[in-house]
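S.K.: can you look at this prediction? I've put the sequence above it.
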Amino acid sequence: MTASTTATVATAADFGTELSRETVAARAPWSAVLKAGQVLTIVDLDGNQAVDFLAYAAADTDRAYSAQATLQEQDSVYLSVGSVLRDNESNPLLTIIADDCGRHDTLGGACSKESNTLRYGLHTWAQHACVENFLAEGSRRGLGKRDLVSNINWFMNVPVDPDGALGIVDGISAPGLAVSLRAEVDTLVLVSNCPQINNPCNGFNPSRAEMIISAGVTA
Amino acid sequence: MATETGTPRAQSSTTSTTAGARAHARAQEGTVVVAAPVRPASGWPGAGAEAGVDADRLVWAETVAGGGYSHKVLARGTTLRLTDLAGDACAHLLLFNADQSFERLNVADTVKVQWQVYAAAGQLLLSDQGRVLATVVADSSGRHDTIYGTSTAVRNTARYGDGDAQGPTPAGRELFALAAAKNGLSRRDLPPSVSFFQGVTIDDAGRPGFTGSSGAGASVTLRTEMPVIVLIANTAHPLDDRAAYTSTALEVLAWTDTATTPADPLWDASPEGRRAFVNTADYLAARGLK
């Protein structure tokens, strides 16, 4: 897949004044602190790019995103519009307020060099992985290994079959699709633009993501 | 000696002196309650015969009350059997490498690496370092959950009116926080957990269905593959759809045994599992724990 140079612009404009717009290179990490009410729009610029994502209450990073607390409060194992992303004490951090893709994963976790040795073999050891990005970017924000928990994989397709089989399969996203999150409290977000090349999560070709922060609009 | 604000007490009490208080405290030994540890574990009623284990191999014997918690550091090669005595236990479990507690159960890797969200005999409980903390070696329940974790104080307060660890409807995270603290760990160290004896299934639209327990007497047996810190919170599953908080006693019995070897069929049961056992053996050999 060739990286497109055309970004979608319309989506974030619905959420108030655009405060920043950054392109995250393929395989790179990114982080930001969202003020309560601000909206983060994540754009899958080139299509089928998994964007691994963690969030923490900015005032107390012990309050990390919890996939389990989040799923307890909704009637699906997938994330979509209306999903409230909760911390490990069940308090809201972010709400999905717009989504072009339809559903996102929070069961599969992040790829790591270590889990790559299990899924594929030791030959993958030198490859880049999301946990490397989370640790590197987190270390600049006072976060360490203990702070890494099950994350969200935006645009990643991880079905659960009736027999319990779960797997990362071909994506359902496309170039320009976006998901928008409103911060319910001041929230630190930590992103790994997934570098995985051994499964279909990035269409076997890691590509760019765009991060747009908007001021938000009063409801 | 009565005053307007109180009644005389000190002079007539058996605990008014240090000697009296000591005698009073010492007289309490031997009180029989339903939920308590037995120490030494070899004194467990039946002494392990029912599990086919000599009494002197027992290292942990305890009944954990509904709404209670427990924790223990276990050597590699310990068999840990959990039993749902009355049919409404739910054993929420966390595991940590006892030598470096920042290596811990990773539920996402556990389900992703093994391509399966439902826990069953043969499942490996994996750490974030691509190693096996423990294996599930036997299971007579079939009702478990790797997706929903345990309850929080916020959720239990909303559902039952209270979520405090000492309250009538304790949240699993509050119980875990206490068990963690006694192992030098904080709330920050509490990642997603797994739970046994109360099942959840996922339909083809991704919706959960709470299936409850398989009834009294079900057990699940784990085998530790590394030295581990075990934290257990026995409290209602967060998706338990009954209006009334329901949590009954959990039996915990552990005994010295052997870890999985390459001769065990489990070692080679899947390529992913075999690589996890190899990673574990590599770590243990270098660490001098082979």
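M.R.: Sure, I can see it. Everything numeric here is computed off the predicted structure, so don't read it as measured data. Residues are numbered from 1 along each chain as shown, chains lettered A, B, ... in the order given.
S.K.: now do the strands in chain B.
M.R.: Using DSSP state E, the strands of chain B run over B:58-64, B:68-74, B:78-84, B:91-97, B:124-126, B:132-139, B:144-145, B:194-196, B:199-202, B:208-212, B:218-224, B:228-234, B:250-256.
S.K.: run a quick neighbour tally on residue B:87.
M.R.: 15 (other C-beta atoms under 10 Å in any protein chain shown). Where you see a C-beta, it was placed from the backbone N, CA and C, and this is true even at glycine.
S.K.: that one against residue B:213, yeah?
M.R.: Yes - applying C-beta atoms under 8 Å as the test, residue B:87 and residue B:213 come out as touching, 5.3 Å apart.
S.K.: which of the residues in stretch A:43-61 are buried?
M.R.: By 16 or more other C-beta atoms under 10 Å in any protein chain shown, the buried positions in stretch A:43-61 come out as A:43-58, A:61.
S.K.: residue A:201: what secondary structure?
M.R.: helix (DSSP: H, G, I helix; E, B strand; the rest coil).
S.K.: any idea how far chain B is from the residue nearest to residue A:27 when sequence neighbours are not counted?
M.R.: Nearest residue to residue A:27, sequence neighbours excluded (C-beta to C-beta, 6 or more residues apart in numbering or on different chains): residue A:195, at 3.7 Å. According to C-beta to the nearest C-beta, to the nearest Å, residue A:195 and chain B sit 17 Å apart.
S.K.: residue A:88 too?
M.R.: Distance from residue A:88 to chain B, by C-beta to the nearest C-beta: 7 Å.
S.K.: hang on, isn't that residue packed against residue B:173?
M.R.: Yes - judged on C-beta under 8 Å, residue A:88 makes contact with residue B:173 at a distance of 7.0 Å.
S.K.: check contacts around the residue positioned nearest the centre of chain A.
M.R.: For chain A, residue A:53 is the residue whose C-alpha lies nearest the centre (C-alpha atoms, centre = their mean; 3.2 Å). Taking C-beta atoms under 8 Å, 6 or more residues apart in numbering or on different chains, we find residue A:53 in contact with A:42, A:151, A:152, A:153, A:154, A:189, A:190, A:191, A:192.
S.K.: inside strands: which ones of the residues you listed?
M.R.: A:42, A:152, A:153, A:154, A:189, A:190, A:191, A:192.
S.K.: if you count neighbours, what's buried in stretch B:227-242?
M.R.: So for stretch B:227-242, counting by 16+ other C-beta under 10 Å, buried means B:227-240.
S.K.: could you do stretch A:87-105 as well?
M.R.: Buried residues in stretch A:87-105 (16+ other C-beta under 10 Å): A:87-101, A:103-105.
S.K.: and residue A:200, how far from chain B?
M.R.: 14 Å.
S.K.: and that residue, how many neighbours?
M.R.: By the criterion of other C-beta under 10 Å, residue A:200 has 16 neighbours.
S.K.: swap in residue B:210?
M.R.: When neighbours are counted by other C-beta under 10 Å, residue B:210 registers 17.
S.K.: filter the buried residues of stretch B:227-242 down to the ones near chain A?
M.R.: B:238, B:239 (C-beta under 8 Å from any C-beta of the partner chain).
S.K.: kindly provide the distance from the residue nearest to residue A:27 to residue A:172.
M.R.: The gap separating residue A:195 from residue A:172 is 21 Å, by C-beta to C-beta, to the nearest Å.
S.K.: who has more neighbours, those two?
M.R.: residue A:195 (20 against 15).
S.K.: quick one: low-confidence parts of chain A?
M.R.: A:1-13, A:219 (pLDDT under 70).
S.K.: scan it for its longest helix.
M.R.: helix A:130-139 (DSSP state H).
S.K.: in terms of secondary structure, what does that helix contact?
M.R.: Packing contacts for helix A:130-139, counted by 3 or more C-beta pairs under 8 Å, 6 or more residues apart in numbering or on different chains; DSSP states H and E, involve strand A:29-34, strand A:51-57, helix A:113-119, strand A:187-193.
S.K.: which of the contacts of residue A:53 are buried? Put it as a ChimeraX command.
M.R.: Buried subset of the contacts of residue A:53, written as a ChimeraX selection, criterion 16+ other C-beta under 10 Å:
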select /A:42,151,152,153,154,189,190,191,192
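S.K.: chain B next: which of the contacts of residue A:53 are close?
M.R.: Filtering those for proximity to chain B (criterion: C-beta under 8 Å from any C-beta) leaves residue A:151.
S.K.: of the contacts of residue A:53, closest to chain B?
M.R.: residue A:151 (7.8 Å; C-beta to the nearest C-beta).
S.K.: kind regards, and thank you for your time.
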